[in-house]
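Novice: Sequence and predicted structure, then a few things I'm wondering about:
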Amino acid sequence: AIILGIESSCDESAAAVYDGERGLIAHALHSQVALHADYGGVVPELASRDHIRKLTPLIERVLAEAGQPALTGIAYTRGPGLVGALLVGASIAAGLGMSRGLPVLGVHHMEGHLLSPLLEPAPPAFPFVALLVSGGHTLLVRVDGVGRYTPLGQSLDDAVGEAFDKSAKMLGLGYPGGPALARLAESGCADAHDFPRPMVRRPGLDFSFSGLKTAVMLAIKAAPDTTAARADIAASFEQAVADTLVAKCARALDQTGIGRLVVAGGVGANRRLRAALESRAARDGFDLYFPRAEFCTDNAAMIALVGWLRRTDMAPGIAPAEAVARWPLAELTPPAAVS
Ligand code: ATP
Ligand code: MG
Ligand code: FE
């Protein structure tokens with residue numbers, strides 16, 4: 001089976017082709033970062049309009065790169081995300097399915113992030129524990145198979161990516177803040193500030209990042225207005241986040257007795273976090289899996305992959321174009337059995 005994947009949940013337009021036999025055969029992405037930069041964040045209406053402009057050329061490009069394959073079906077991101085942005089991808093997928101007589105499936109964006117390490121050459125076996133750290137989510141999930149997800153913990157307030165973005169803004173860095181903050185942190189000293197490691201001492205697997213954000217704000221106010229001082233704050237913030245995430249992941253592995261950890265979502269691209277997880281993995285003896293950095297953030301490769309894994313869920317006939325802003329991961333069920 002060969003699946004076309006379409007992603008438009010937020011500020012990246014993307015298309016990809018996944019072939020069950022050859023794996024990922026083409027993928028392309030257009031980031032709207034420059035479009036939203038002046039506003040300091042994603043402007044939903046501008047995002048929707050840009051998806052309309054960019055998605056069709058991206059789809060044509062990946063189909064050409066893949067050698068105009070005989071598609072089996074189309075998978076698009078149905079949610080969660082910005083409804084207007086999602087509707088663009090959903091409508092294009094539905095229209096394309098109708099005109100080509102192909103089945104269409106709406107897939108879960110976070111399931112895409114969760115399973116993205118399966119795009120890599122040495123994928124994790126089930127079961128594994130997944131840490132999803134993105135702009136809108138901070139989740140620990142037990143994964144027993146495709147569609148078999150048990151939430152273990154989540155953020156009670158800000159998502160980690162959000163904490164990165166807000167801290168970056170306070171440090172005078174542009175949007176999106178995560179990568180900019182990480183760059184600034186490279187020249188800083190990670191133990192310059194002893195920021196809180198939120199909820200590490202408390203039992204359980206939930207997270208909280210709003211207190212850390214406040215600590216960063218107070219440190220900025222007290223520090224001299226120099227790049228060196230800001231770099232120290234950035235590095236100390238990153239270290240506090242990394243220590244917190246590592247501690248909770250180790251606890252989740254311990255509680256479940258699982259020896260495999262998957263880390264996905266935009267913040268998974270963070271170098272300091274990766275290094276901290278790698279040293280803990282070596283110490284505790286668990287296996288660690290990441291998607292390649294470009295597939296940590298939003299992409300269509302992960303959507304095409306989920307479409308392929310769920311190809312038995314693709315019903316023939318005309319599919320409605322659906323978009324949902326909220327969609328709990330725990331509502332997903334395993335794909336229909338192959339008949
Ligand atoms: P969601 O998937 O929850 O709907 P999203 O799609 O916006 O949210 P992603 O694209 O997975 O999230 O990730 C974007 C987030 O990752 C942003 O908050 C960004 O600042 C952060 N991020 C990206 N690269 C890095 C990095 N190197 N270090 C820290 N944070 C990063
Ligand atoms: Mg994005
Ligand atoms: Fe995402």
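Specialist: Received the coordinates, thanks. Ligands and ions are numbered 1, 2, ... in the order given.
Novice: helix, strand or coil for residue 36?
Specialist: helix (DSSP: H, G, I helix; E, B strand; the rest coil).
Novice: Same question for residue 202.
Specialist: Per three-state DSSP, residue 202 ends up coil.
Novice: Now do the contacts for it.
Specialist: By Cβ atoms under 8 Å, 6 or more residues apart in numbering, no residues touch residue 202. C-beta here means a position set from N, CA and C on the backbone, and glycine is covered the same way.
Novice: Give me the phi and psi angles of it.
Specialist: Dihedral angles of residue 202 (phi, psi; degrees, to the nearest 10) stand at phi -80, psi 150.
Novice: so what pLDDT did the residue of the chain most remote from its centre get?
Specialist: The outermost residue of the chain relative to its centre, with distances by Cα atoms, centre = their mean, is residue 224 at 34.9 Å. Note for residue 224: predicted pLDDT of 96.
Novice: just checking, it is part of a strand?
Specialist: No - under three-state DSSP, residue 224 sits outside any strand and is assigned coil.
Novice: I'd like the distance between it and residue 233.
Specialist: 11 Å (Cβ to Cβ, to the nearest Å).
Novice: picking up where we left off before, do you know how far the residue farthest from the centre of the chain is from ligand 3?
Specialist: Going from residue 224 to ligand 3 by Cβ to the ion, to the nearest Å gives 36 Å.
Novice: likewise residue 304?
Specialist: Taken as Cβ to the ion, the span from residue 304 to ligand 3 is 15 Å.
Novice: Sticking with that residue, tell me its helix or strand.
Specialist: Take DSSP states H and E as the rule and residue 304 turns out to sit in helix 301-309.
Novice: so how far is that helix off the chain centroid?
Specialist: 14 Å (Cα atoms, centre = their mean, to the nearest Å).
Novice: mind saving the C-alpha coords of that helix as CSV?
Specialist: These are the backbone C-alpha positions of helix 301-309, laid out as CSV (Å, rounded to 0.1, in the frame of the first residue of the first chain):
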residue,chain,number,x,y,z
ALA,A,301,6.0,11.8,7.0
MET,A,302,4.5,10.8,10.4
ILE,A,303,1.0,11.4,9.0
ALA,A,304,1.6,9.2,6.0
LEU,A,305,3.1,6.5,8.2
VAL,A,306,0.0,6.5,10.5
GLY,A,307,-2.2,6.3,7.4
TRP,A,308,-0.2,3.3,6.3
LEU,A,309,-0.4,1.7,9.8
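Novice: is that helix anywhere near ligand 1?
Specialist: No - Helix 301-309 does not reach ligand 1 (Cβ under 6 Å from any ligand atom); its nearest approach is 9.9 Å.
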